[in-house]
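In: Okay, predicted coordinates and the sequence, questions at the end:
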Amino acid sequence: MGMSDWKRPVRVLVLSLLPILAPGHLGADGDRQTPPAEPAASPNGSAGSDRLVARNGLWGFRLVPSRVRLLGEGAFQSFLVVATDSRGLEIDLTPEARFSLSDDRLAQVEPEGLLTARRDGEVTLRAEVAGQRLEATVRIEGTGRARPFGFARDVVGVFTRNGCNGSECHGGVKGRGGFKLSLHGINPREDYRWTVKGGVYQVLSPKAAEPFDPRVSLEEPRQSRLLLKPALELPHGGGQRFERGSADYRRLLEWIRQGAPYGAGPSESRIQRLEVFPREAIMEPGAGRRLLVTAVFEDGRAEDLSPEVLYESSDPAVIDVTPSGVVRALKPGQARVTIRAAGKLVQVRCGVIRQPLDNYPEVAGRNFIDDLVFDRLRELHIVPAGLSSDSAFLRRVCLDLTGTLPPPERVREFLADRDSLKREHLIERLLNSPEFVDYWTFRFADFFRVVYRNAYVYKSWIRESLARNKPYDQMARERVAGQGNGGPTRHFIKSISGEVMRPHEKMGEDVRVFLGIRLDCAQCHDHPYETWTQDQFWGITAFYGQLTRIRDLSVFMDDVSGNEEQPEGPKVIHPRRRREVAPSFLDGSLPPSTGINPRAELADWMTSPANPYFSQAIVNRVWANFFGKGLVEPVDDFRPGNPASHPELLQALARDFRRSGYDLRHLMRAIARSGTYQLSGDLNSTNREDEVNHSRALPRRLEAEILLDAISSVTGIEEAFAVHEYVGGGTEPKGTRAIELVPEVTPSQFLEVYGRPVSRDSMPWRDYRSTLRQALHLLVGSTYTTKIAAKEGRVSRLLSAGASDREIVRELYLAALSRFPTADEETRLQDLIEMAPSRRKGVENLAWGLLASRQFTYNH
Amino acid sequence: MDLPIDQLGCCRPRREFLRVGALSLLGLNLRQYLALEAATPAAARSKQKAQACILLWLEGGPSQIDTWDPKPHSQFNAIPTRADGIRISEIFPRIAGHMDKLAIVRSMHTEENNHPQGTHYALTGHRPNPALKFPSLGSIISRELGPRNNLPPYIMVPEHQETDFFSYMDAYTSAFLGSEYDPIILPDPNHESFQIPDLSLPDTLTAADIADRRSFLQAVDRGFRQKEKHAEFGRMDRFTNQALTMLLSPKVKQAFDLSQESDRTKDAYGRTRVGQSVLLARRLVEAGCRFVTTSGYAHGAWDTHKDNDQRLRDKLAPTLDQTLSVLLEDLQQRGLLDSTVVLAMGEFGRTPHLNANNGRDHYPDCWSLILGGGGIQGGRVVGASDEQGAQVAERRVTMGDLFATIYKAMGIDWTKEYVNPGGRPLYIANSIDDVMGQPLHELV
């Protein structure tokens, strides 16, 4: 998703490369919908291929691409032959295919399917495999003239393919060894300058620093450092990238011999987009597939770029990829192959299945979420777990919608209810409960950054917005564009000092909160991994440039006229270019007017339905609440290199959310009602290793606050929270829950130990890791000892009410785990109580065992 | 590592427990237990190298010209020291007697001049960044050397009193290295009710009770444990074992128990938050901790925007003079000086000129610190400031250089890079402009 995609819907199918996906373009066996009743047979097919067909019931043969236009002298195109086997897996048959041409004078084809143009005209390529005859049409033009040379395509292509401009090498912020290149070749003009003219990149100045020694030598081309270093004829920190005399070496040498020109203009040499076939590969361990990469240039020309790009596997233990683009499945799991060419990238999703299933069961979905999740599972031959039990669902949905455990009587009620729609009714009840508002205020306080200095007004604005179910886009506009001294303006205040955030800090936070993008790195330099530039960073920061606080009044407003602090009016100065920056959106477009309230214009742009990030960022955050991690993870790190696990689902959720009028409850209802959310955690032979495809419910640790509140509710002892002396000391009113606290002024050993975020000058980060201090606290800490033993607590109440051991075991199970104990558990635990030194000790120990259990500490 | 249920030793009934003793709590037999006690990464390391580091954190930032880099325009005289030719401010008469053990760096140059940012910079080597977290020096050393004798490797004493400590917390933590390298933060050891939370069994709970409790836990969690293999579960099992060892091991308890020190020793360190914290640091290092950050000065004590001279003379210098001197003597007597790096610094220096309030303001351009022990050459001065003490005149030293020096003294590969979860490489000795720091060859 480059910037150019912002105003256009992203095309999911790569139509220009893959006309084959449309019926009618296919070869003899064009219909991929239904497998043939019996394997096709042909007298021409080789015996080996026949066996292949018979064994695997192959169908849906395709020759890819089926239609192509080759332009220029020496133009070439690789072709692939694929078919689908009886289990629905697409396999690569190219090595077994026999290729021939209708006219050998126009082109030549090699056995592995590489076709090279010779003369203008139209020629038919035939591929025969397994008795199938497939055809593709090749139009050849312009063989009389060579393709124009372009630095951006040809030289930057060599840099990219060899990893020279990766973020850890010369593409790093400051380059390496005094030689700087733009990251993955996004800026060929600058690369040209650094290569041909030399100079050292400076972070704080647009000027290059001394020394200016060119990387090329026009007098002695072979002595150019651009060749000596990567060929390791001079010491090179990056090691040998290519050999002397290799194709890349020769290409660079030839370029230098020609006088190192910049060459063709942008439209001919700049790649507009990369396309790849297949976009997705599902394979068995051991299987391999060749990737076909096509570059579409800005002048519309398409070219086979497969041999000239950089292939990287996100998980080389699962998927291995060769420098020429052959992927091999190693072990079950999932990985992406990232393909980079000068300035652009495209990715292939790869799934390696454990074992293909011949009889994949029917899995019924409940709504659009399930359609997308279950379809994906079917493709991966993973069978999801069954539906969760009523008690598992009850505990999970109460925690996820309200952060609160259901009391034992509610559990009994729900389990006894015979209504077939009881889950839907429960969801509605929870969505409309006061606890829902409490819990989501807590959730929003985290990512909207409620801090001590702004807590009261700001938090009540959040609470009020949630209680009224205010459309989320409206909340966003109120926050981004807030003027005056109302709730939404309060987030401009820093945590403890009470200072006003600086424009770039405000911008960074708003972009992270509402668009899920981390621009912060681009503050000091172009973003190291992505295409965000420093200019974009400061352009969007400039929207906040006029925001000032009127002293002593705590009123925030845009002020163009200046004030005592900034007599000339506030400005945003670009730190590298040292000049004032005018507001511009991330896609480079300018606001409609040089307006009175630039932040209102920014808010409109951010929340516009045409901005794909806005709704995707929030549905992803909400999704993470229900599943422990986002479809994009981390939830605020949307970027091309970090794609969603389920891109179609993310888009569908965002679309549904927009259509609902940005209704948060509507979104949560859809998620909570889905079969995906309601799956059990049960394992089967296919979903055992899966942690990303939602084939079962995975355990998620309760947040510190939720955990403490849950312990208080099970033990029946409310926590008395101290208030920091800094704000007057004392304690919070009785009955205050941990989720209602303002962290900085309510110290709590338990909450700190369990990872409540306290540093709130930037976006809070929750720590879910286990620690030694947790282990210590669990064993001997007061939360787990005094609360259990307290005289007014649940244990004491049960004992003094004369409950039997069995009743006590059941009651504590209902309170802590929202379920009855199994028969085994019941017997075993009653025995243990009996063996204890005293009955009271026994019951206390049981309560501890429940609170310390993973079942309690995790939502599952 | 997710321990199988039967190795957790939590399922034995009480009577059996009494027979096999407390070790079964840990799911270990005696041989394994002894092996655990003995097997620490330290065993494999050279005896010559420093094993631990104590940081005397002078938060607020001391004035260089009034301490280790005396200038004529300071109100204090320069006095000769035990090291030939090295003079320091007269307000440290006892430290002057230990200058043979200490080196002074007079040309520190850093880049942040506000407290939270400066602290972050001094303790991580990086400027704070909302998008990135950086591990602190203590976390890095803990991770590189690993724990010793079942003690937590990184401790901070005492905890800060002020609420805005949260603005500083990122400077002390492990970032992405893992929670086992976060500091364990202890309360004020000079307080009469000094007690370390969760480090000993409460009166109401015996070791046998814990064994019983774990039997219940096991009965509740058996099925779930078998089914779910969450990455954190194995870690929690390991921490639980470590926690049990700590709770039941007399050695660990003793390390934290200041009452084992004589009144004479306590008096010698000074009955102050600073003095008792430094004493506890010595106990902890002796017992096996890798890095102890001690402070104990009132918040912003060294932040002498007002009445610089008077505060230094009356309050700050006497405390530091006493505790640092006693610490050096004590470490030497116990044979620990060669294996313990001692570093005293703040987050920056102070302006060489006085302001209108007779104070000095924040100043990162050129400042001083002292370090010694752990094989670091004492009686040396590295770098020099100009006449005013305002700019580096000779040999600019960065945080990365200082970190590299300490790593080298401790046998840690100072050229190492970590890669953060986002793929950004970070030098563990990070110097200005993200270049690698270099050890001060004069010292190590």
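Out: Sure thing, it's come through.

In: For A:P471, give me its contacts.
Out: Going by CB atoms under 8 Å, 6 or more residues apart in numbering or on different chains, A:P471 touches A:661-663. Just so you know, the C-beta spots here come from the backbone N, C-alpha and C atoms, and that holds for glycine as well.

In: Not counting sequence-adjacent ones, nearest residue to whichever residue of the stretch 701-850 of chain A sits closest to chain B?
Out: With CB to the nearest CB, the shortest gap between the stretch 701-850 of chain A and chain B falls at A:G849, namely 2.9 Å. Excluding its sequence neighbours, the residue lying closest to A:G849 (CB to CB, 6 or more residues apart in numbering or on different chains) is B:F216, at 2.9 Å.

In: quick one, what contacts that neighbour?
Out: Contacts of B:F216 (CB under 8 Å, 6+ apart): A:829, A:832, A:845-846, A:848-850.

In: Out of the contacts of A:P471, grab the one that's most surrounded.
Out: Neighbour counts for the contacts of A:P471, by other CB atoms under 10 Å in any protein chain shown, peak at A:Y662, which reaches 21 neighbours.

In: of all of chain B, which residue lies closest to chain A?
Out: B:F216 (2.9 Å).

In: per-residue confidence for that residue?
Out: If you check B:F216, the pLDDT there is 97.

In: What separation is there between it and A:A815?
Out: From B:F216 over to A:A815 the distance is 15 Å, taken as CB to CB, to the nearest Å.

In: Same check on A:L330?
Out: According to CB to CB, A:L330 stands 47 Å off from A:A815.

In: Between the two, which has more neighbouring residues?
Out: Under the criterion of other CB under 10 Å, the comparison of A:L330 against A:A815 puts A:A815 first, with 23 against 18.

In: Please report the number of neighbouring residues for residue 96.
Out: No chain in the question, so chain A it is. Applying other CB under 10 Å, we find 16 residues neighbouring A:E96.

In: my question was about chain B
Out: Using other CB under 10 Å, B:A96 is surrounded by 22 other residues.

In: wait, isn't it in contact with B:P70?
Out: No. Counting by CB atoms under 8 Å, B:A96 does not reach B:P70; the two are 11.2 Å apart.

In: show me what contacts the residue lying closest to B:G379 once chain neighbours are set aside?
Out: Computed as CB to CB, 6+ apart, the closest residue to B:G379 that is not its neighbour in sequence is B:A83, at 3.5 Å. With contact set as CB under 8 Å, 6+ apart, B:A83 has these partners: B:99-100, B:102, B:378-380.

In: Would you mind checking these for buried ones?
Out: The neighbour count (16 or more other CB atoms under 10 Å in any protein chain shown) marks B:99, B:102, B:378-380 as buried among the contacts of B:A83.

In: Next, B:G359: secondary structure please.
Out: Assigned by DSSP: H, G, I helix; E, B strand; the rest coil, the conformation of B:G359 is coil.

In: so where's the chain uncertain?
Out: No chain specified, so I'll use chain A. Within chain A, the stretches with pLDDT under 70 are A:1-56, A:203-206, A:266-267, A:495-497, A:521-532, A:551-553, A:560-570, A:593-595, A:759-764.

In: other chain: chain B
Out: Low-confidence segments of chain B (pLDDT under 70): B:1-48, B:161-166, B:422.

In: Output the longest helix belonging to it.
Out: Criterion DSSP state H: the longest helix present in chain B is helix B:207-227.

In: Against which helices or strands is the longest helix along chain A packed?
Out: For chain A, the longest helix by residue count, based on DSSP H, is helix A:612-627. Helices and strands touching helix A:612-627, by 3 or more CB pairs under 8 Å, 6 or more residues apart in numbering or on different chains; DSSP states H and E, are helix A:472-481, helix A:503-515, helix A:647-659, helix A:664-673.

In: Run the angle between the third one and helix A:612-627 for me.
Out: Taking axes from the mean of the first three to the mean of the last three CA atoms, to 10 degrees, one finds that helix A:647-659 is oriented at 100 degrees with respect to helix A:612-627.

In: ok, now the second one?
Out: Here helix A:503-515 points in a direction 70 degrees away from that of helix A:612-627 (the same axes, to 10 degrees).

In: who does helix A:503-515 touch, helix- and strand-wise?
Out: helix A:472-481, helix A:534-541, helix A:598-607, helix A:612-627.

In: The last one to helix A:472-481, inter-axis angle?
Out: Between helix A:612-627 and helix A:472-481, the angle formed by their directions is 110 degrees, by the same axes, to 10 degrees.

In: Determine the three-state secondary structure at the residue nearest the centre of chain A.
Out: Chain A has A:V632 as the residue nearest its centroid, 2.5 Å off, counting by CA atoms, centre = their mean. With three-state DSSP as the basis, the three-state label of A:V632 is coil.

In: That one and A:N642 touch, don't they?
Out: Yes. Contact status for A:V632 versus A:N642: in contact at 6.5 Å, counting by CB under 8 Å.

In: one step back: tell me how many other residues crowd the residue of the stretch 701-850 of chain A closest to chain B.
Out: Residues lying near A:G849 (other CB under 10 Å) number 25.

In: what do you get for A:L405?
Out: 26.

In: For A:N359, see how far away it is.
Out: Look at A:L405 and A:N359: by CB to CB, they are 40 Å apart.

In: ok, now A:H236?
Out: The gap separating A:H236 from A:N359 is 56 Å, by CB to CB.

In: A:R502 now?
Out: For A:R502, the distance to A:N359 - CB to CB - is 62 Å.

In: So between the two, which is more surrounded?
Out: Under the criterion of other CB under 10 Å, the comparison of A:R502 against A:N359 puts A:R502 first, with 15 against 5.

In: Next, the more buried one: phi, psi?
Out: Backbone torsions for A:R502, taken as degrees, to the nearest 10, come to phi -80, psi 160.
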